[in-house]
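Chemist: Here's a sequence, model it:
(one chain, ligands or ions: 3)
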Amino acid sequence: MSIRVILGCQWGDEGKGKIVDLLAQESDWVARFQGGANAGHTMIREGRPVVLHLVPSGILHPAVRCAIGNGVVLDAQALVEEIRYLQGMGISLEGRLRISACAHLATPIHRAYEALTAVDRAIGTTGRGIGPAYADKVIRRGLRAEDLLAPARFRDRLASLWETLRRACGADEQAFDAAVGDDFGAVAARLEEAGVLLGPWICDLTDLLLSEDDRGARILAEGAQGAWLDIDHGTYPFVTSSNTTIGGVCTGLGVPPQRIRRVIGVVKAYATRVGLGPFPTEFSGQMAVAFRERAGEFGATTRRPRRCGWYDAVLARRSCRINGVDELIVTKLDILREIEPVKLANAYRMPETEADSAPGVIRFSTRELERSVPKYREFAGWQDDLSACRSWEALPAAARHYLEGLAEETGVPVGAVSVGPARHEIVKSSP
Ligand code: GDP
Ligand code: IMO
Ligand code: MG
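Modeler: Ligands and ions are numbered 1, 2, ... in the order given. Take a look at the predicted model:
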């Protein structure tokens, strides 16, 4: 019973990386359980941002060990690049990283398939081959981390997958090579090279984590993306291809739910979304541009401008109910400085009936969400810079009042508030 879980409760980019880095101080293991190199998790080290896509966000703490679970789709080359990036900063992964043998591989072929079938443009994906890699897993023709350990067989299976995906998108050999960015031999050689480096870390991760849990190790499970990008519970089809919600922890690490001790939901004090899909509280016009600039809302993986809007307590409440969130951590409260008034959505006007939904309740479907009109609760703003605040009492009364409203409308207490990107910029006391 020692697993704590960090989950994004909006559309991703809630600041999970910073919070995982913070809570890793009280952890022995940090384990990613879903997603892949579509994630971009930011931490601050010596005043500079460190952005990780696959390596768990506990890696900055030398005593913490990191795990990549079977639910992740692993881009082996991206992982090798990330390991080099960390080594360049003097961070060693030696003895500190473990990879599930059952994790499926996301390869350059999957990226090419995604680009050639225009899925990336229809959904606004990150273009990391995530959907095709999960599709191959489910259709049972995917390659797994364990396949990297058997190079001869690996090459055959890669060749067969290459051909299958090339044909599936109707590309001739030249066009497919061009989309992949290389020919088969070069891609296979690079993956085999990655296999040599990663090989010693590939293991039966489920057994390892269960044994660690048995001996009382403190495990932190790190979610990627957020509840509204969940393949089942999100704004389908404008979602990612994994379960970003609580069930993903059990399937993506191979741990039973009884081992989960606490579920921590991370939300921004406002909302953002990258890519296409419904976003009822989205800002428009000049406000959208000005807010994005002041908040620095540009994608950590693709640098795409993020769409910004008011906090949506209706959606956040549903995320918390699905996930069984015990406690909320609210990030980026500092960004709302000098905005008057501050608003959050707490109900929707339903399209069919013209009636308002009960506070925090929504009959959820993507179609309804696209047509529903949010109703707002307004709060007085504040002028103060919050980044130096370290206690609940130090926060301006208006900011406290907003947080109380946010907690009330979301239905979950706020356990901590982040007031800046750095690890120490946190207010821990709850309202
Ligand atoms: P993640 O994907 O959930 O880990 O979030 P990202 O790293 O993609 O995006 C969050 C961004 O907000 C990063 O640039 C963080 O450095 C930054 N950030 C996190 N918490 C805070 C905060 O409380 N205040 C401010 N100003 N920035 C924050
Ligand atoms: P982190 O972990 C925000 C979005 C994409 C697109 C949709 C599908 O940093 O919060 P995909 O490439 O997964 O097939 O794209 O999901 N998306 C994210 N948005 N943060 C992320 O990760 C995301 N990962 C995927 O923009 O709309
Ligand atoms: Mg991110």
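Chemist: Please count neighbours and contacts with C-alpha atoms only from this point.
Modeler: Will do.
Chemist: Retrieve the pLDDT associated with the closest residue to residue 339 other than its chain neighbours.
Modeler: Spatial nearest neighbour of residue 339, chain neighbours left out: residue 381 (5.6 Å); criterion: Cα to Cα, 6 or more residues apart in numbering. We have a pLDDT of 98 for residue 381.
Chemist: give me the number of residues near residue 381?
Modeler: 20 (other Cα atoms under 10 Å).
Chemist: again with residue 252
Modeler: 27.
Chemist: Would you enumerate the residues in contact with whatever residue of the stretch 201-350 of the chain ends up closest to ligand 3?
Modeler: Closest residue of the stretch 201-350 of the chain to ligand 3, Cα to the ion: residue 300 (5.4 Å). Each residue near residue 300 by Cα atoms under 8 Å, 6 or more residues apart in numbering is listed here: 40, 41, 42, 51.
Chemist: what's the helix or strand for the last one?
Modeler: In other words, residue 51. Assigned by DSSP states H and E, residue 51 belongs to strand 48-52.
Chemist: Okay, now the sheet partners of that strand, with direction.
Modeler: strand 41-45 (antiparallel) (DSSP bridges).
Chemist: circling back: extract the C-alpha set from the strand holding residue 51 and format it as PDB.
Modeler: Output of strand 48-52 as PDB, limited to C-alpha atoms (Å, rounded to 0.1, in the frame of the first residue of the first chain):
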ATOM      1  CA  ARG A  48      17.000  26.200 -16.200                       C
ATOM      2  CA  PRO A  49      14.100  24.100 -17.600                       C
ATOM      3  CA  VAL A  50      14.700  20.400 -18.100                       C
ATOM      4  CA  VAL A  51      12.000  18.900 -20.400                       C
ATOM      5  CA  LEU A  52      11.600  15.100 -20.300                       C
END
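Chemist: and it, anywhere near ligand 2?
Modeler: No - if you take Cα under 6 Å from any ligand atom as the test, strand 48-52 misses ligand 2, and the best it gets is 8.9 Å.
Chemist: how about the helix or strand following that strand, does it reach ligand 2?
Modeler: Sequence-wise, the next helix or strand downstream of strand 48-52 (DSSP H and E) is strand 65-68. No - where contact is defined by Cα under 6 Å from any ligand atom, no part of strand 65-68 touches ligand 2; the two come within 13.9 Å at best.
Chemist: who's in contact with stretch 74-92?
Modeler: Stretch 74-92 is contacted by residues 36-37, 52-55, 59-60, 93, 103-107, 145, 190-191, 194-195, 197-198 when judged by Cα under 8 Å, 6+ apart.
Chemist: Give me the buried subset of these.
Modeler: Neighbour-count burial (16 or more other Cα atoms under 10 Å) applied to those gives 36-37, 52-55, 59-60, 93, 103-107, 145, 191, 194-195, 198.
Chemist: Quick one: distance of the helix-or-strand element of the chain with minimal mean pLDDT to the chain centre.
Modeler: Here the helix or strand of the chain ranked lowest by mean pLDDT, DSSP states H and E is helix 366-371, holding a mean of 79. Offset of helix 366-371 from its chain centre (Cα atoms, centre = their mean, to the nearest Å): 23 Å.
Chemist: do stretch 286-303 as well
Modeler: The answer for stretch 286-303 is 18 Å, by Cα atoms, centre = their mean.
Chemist: now do stretch 219-232
Modeler: Remark: stretch 219-232 is offset 6 Å from the chain centroid, using Cα atoms, centre = their mean.
Chemist: near ligand 2, anything from that stretch?
Modeler: Yes - counting by Cα under 6 Å from any ligand atom, contacts between stretch 219-232 and ligand 2 involve 224, 225, 229.
Chemist: Count the residues that sit near residue 160.
Modeler: If we define neighbours as other Cα under 10 Å, then residue 160 has 13 of them.
Chemist: Restrict the helix or strand containing it to CA atoms and write it as PDB.
Modeler: Secondary structure from DSSP H and E places residue 160 in helix 151-168. Provided in PDB are the C-alpha atoms of helix 151-168 (Å, rounded to 0.1, in the frame of the first residue of the first chain):
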ATOM      1  CA  PRO A 151      18.400  -8.800 -32.500                       C
ATOM      2  CA  ALA A 152      18.100 -11.400 -35.300                       C
ATOM      3  CA  ARG A 153      14.400 -12.000 -34.700                       C
ATOM      4  CA  PHE A 154      13.900  -8.200 -34.100                       C
ATOM      5  CA  ARG A 155      15.100  -7.400 -37.600                       C
ATOM      6  CA  ASP A 156      12.600  -9.800 -39.200                       C
ATOM      7  CA  ARG A 157       9.700  -8.600 -37.200                       C
ATOM      8  CA  LEU A 158      10.600  -5.000 -37.900                       C
ATOM      9  CA  ALA A 159      10.800  -5.700 -41.600                       C
ATOM     10  CA  SER A 160       7.400  -7.300 -41.500                       C
ATOM     11  CA  LEU A 161       5.800  -4.400 -39.600                       C
ATOM     12  CA  TRP A 162       7.500  -1.900 -42.000                       C
ATOM     13  CA  GLU A 163       5.900  -3.600 -45.000                       C
ATOM     14  CA  THR A 164       2.500  -3.900 -43.300                       C
ATOM     15  CA  LEU A 165       2.300  -0.300 -42.300                       C
ATOM     16  CA  ARG A 166       3.700   0.900 -45.700                       C
ATOM     17  CA  ARG A 167       0.900  -1.000 -47.500                       C
ATOM     18  CA  ALA A 168      -1.700   0.000 -45.000                       C
END
